[in-house]
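Student: just a sequence and a predicted model for now, questions to come.
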Amino acid sequence: MNSLRDRLQRAQQNHEAVGHFNVSDLVVLKAVFAAAQELNVPVIVGLSEGEREFVGTGQIAAFVRNLREEYDFPVFLNADHTHSLAKGVEAAKAGFDSIVFDVSALPFEENIRQTKQAVEILKNTNPSVLVEGEIGDIGTGSEIIETVPDLSKDLSTPEQAKQFVESTGVDILAPAVGNMHGMLRSMIEGATRKHLQIDRIAAIKQAAGVFLTLHGGSGTDDQDLRKAMAAGINIVHINTELRVAWCRGLEQAFAQHPDELVPYKILAPVVNAVKQVAAARLMLFNNKRPKAKAA
Ligand SMILES: [Zn+2]
C-alpha cells in the first residue's frame, strides 16, 4: 500500500488531484468509498473537528483502517480544519494520515509561530503524518451562503506562501486563490460557478514548492479545476456538494416511501445520490472521461 505522500506525488506528476470528501456518517463514507472503488482511484476521507466530535476520532480511524486493509485500497484519512493542537495530537495518535492545522484567522506572524510548533509536535507524535497549513481567508462553513464574502483582501501571495512554508515546515499548503467554503443558492442550482485565479496558483506553487490543497471546491467551474491541477493543486476538497446530495436524497427517500421504517432501505438511495456526486468529481480530478455509451 502506498502512502498518501506517494499518491500525492503520483497525482502531481500526472497533473491530477486526490479527491478529499468530508464525511460525518456511514452514508457518505459508504458513498465516497464506493465511488473511489468503482473508478479505482485513491481518495481522502476528511473530518473537521465538529465532524470528528460527532463520529468519534478513534472510531472513524478504525473504520477507515479496516476499509484500507480489507479491500487493499488507497483510502486515506485527514483531520480537516483542526484549530486546536490537542485535537491534532488526538488525530495523530489515532493514526490519521494528515492533519490540517488551521489557525489562518490569526495574524500571519502568529499563524507561522503556532503552525511551526504544531508541525514539530504532530510529527513527534506520529512521524509519518503529513501536516497542512493555511494562509489567507477562504470563508468558514460548508453551507448554503446568501452572499459571497469579500475575500479579495486576503488572497495568498507567492511571497507569503514561500515564507510560510520555509518557516513552518508544512508538507502541504492551503492557499486562498479565489476559492471559498460553502455555496450560493445559484451555485447549487448550477446557474453560477466559482472561478479560480490560475496564475496565482502557479506562482504560489513555484514559490512554495510543496503540495497544494484547494479548499471549498464545491461549485467550482470544471475547466478552472482542470487548470488548477495543471498549475499545481494536488488535493481538492468537496463537502457542500455532498451535503446537498445527502439532504435532497433523504427528502426524496422519505417522500417516495412514507411508510418505510427500515433505515438501511431508506438510506440506500441516499448513498447512491451522494455516490453520483463523488464519482463525477473523482472522474474530473483523475482526468477520466465518461465511458462512451455503446451504440
Ligand atoms: Zn476547508
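Tutor: Right, received. Where do you want to start? Numbers count the residues shown, from 1 in each chain.

Student: for the spatially most central residue of the chain, phi and psi?
Tutor: Taking C-alpha atoms, centre = their mean, the centroid of the chain lies closest to residue 237, which sits 2.7 Å from it. Dihedral pair for residue 237: phi -90, psi 130, per degrees, to the nearest 10.

Student: that one contacts residue 17, doesn't it?
Tutor: No - Residue 237 is beyond contact range of residue 17, at 9.9 Å (criterion: C-beta atoms under 8 Å). In short, each C-beta sits where N, CA and C put it, glycine included.

Student: now do the shared contacts for the two.
Tutor: residue 214 (C-beta atoms under 8 Å, 6 or more residues apart in numbering).

Student: once you drop chain neighbours, what's closest to residue 95?
Tutor: Residue nearest to residue 95 in three dimensions, not counting chain neighbours: residue 61, with 5.0 Å by C-beta to C-beta, 6 or more residues apart in numbering.

Student: which helix or strand contains that neighbour?
Tutor: If you go by DSSP states H and E, residue 61 is part of helix 57-70.

Student: which residues are in contact with the following helix or strand past that helix?
Tutor: Sequence-wise, the next helix or strand downstream of helix 57-70 (DSSP H and E) is strand 75-82. Strand 75-82 has contacts (C-beta under 8 Å, 6+ apart) with 4, 7, 18, 20, 22, 33, 36, 42-49, 51-52, 57, 60-61, 64-65, 67-68, 87-88, 91-92, 95-102, 237.

Student: ok, of the residues you listed, which come out buried?
Tutor: Neighbour counting by 16 or more other C-beta atoms under 10 Å classes 4, 7, 18, 20, 22, 33, 36, 42-49, 51-52, 57, 60-61, 64, 67-68, 87-88, 91-92, 95-102, 237 among these as buried.

Student: hmm, residue 288 is touching residue 39, no?
Tutor: Yes - counting by C-beta under 8 Å, residue 288 touches residue 39, with 6.3 Å between them.

Student: any low-confidence regions in the stretch 1-150 of the chain?
Tutor: For the stretch 1-150 of the chain, the stretches flagged by pLDDT under 70 are 1.

Student: quick one, helices of this protein?
Tutor: 4-13, 26-39, 49-55, 57-70, 85-94, 108-125, 158-168, 185-188, 198-208, 222-231, 240-256, 263-285 (DSSP state H).

Student: format those helices as JSON lines; extra columns: distance to residue 136.
Tutor: Output for the helices of the chain, formatted as JSON lines (distance: least, C-beta to C-beta, whole Å):
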{"stretch": "helix 4-13", "distance to residue 136": "21"}
{"stretch": "helix 26-39", "distance to residue 136": "27"}
{"stretch": "helix 49-55", "distance to residue 136": "20"}
{"stretch": "helix 57-70", "distance to residue 136": "27"}
{"stretch": "helix 85-94", "distance to residue 136": "20"}
{"stretch": "helix 108-125", "distance to residue 136": "9"}
{"stretch": "helix 158-168", "distance to residue 136": "8"}
{"stretch": "helix 185-188", "distance to residue 136": "21"}
{"stretch": "helix 198-208", "distance to residue 136": "10"}
{"stretch": "helix 222-231", "distance to residue 136": "15"}
{"stretch": "helix 240-256", "distance to residue 136": "19"}
{"stretch": "helix 263-285", "distance to residue 136": "22"}
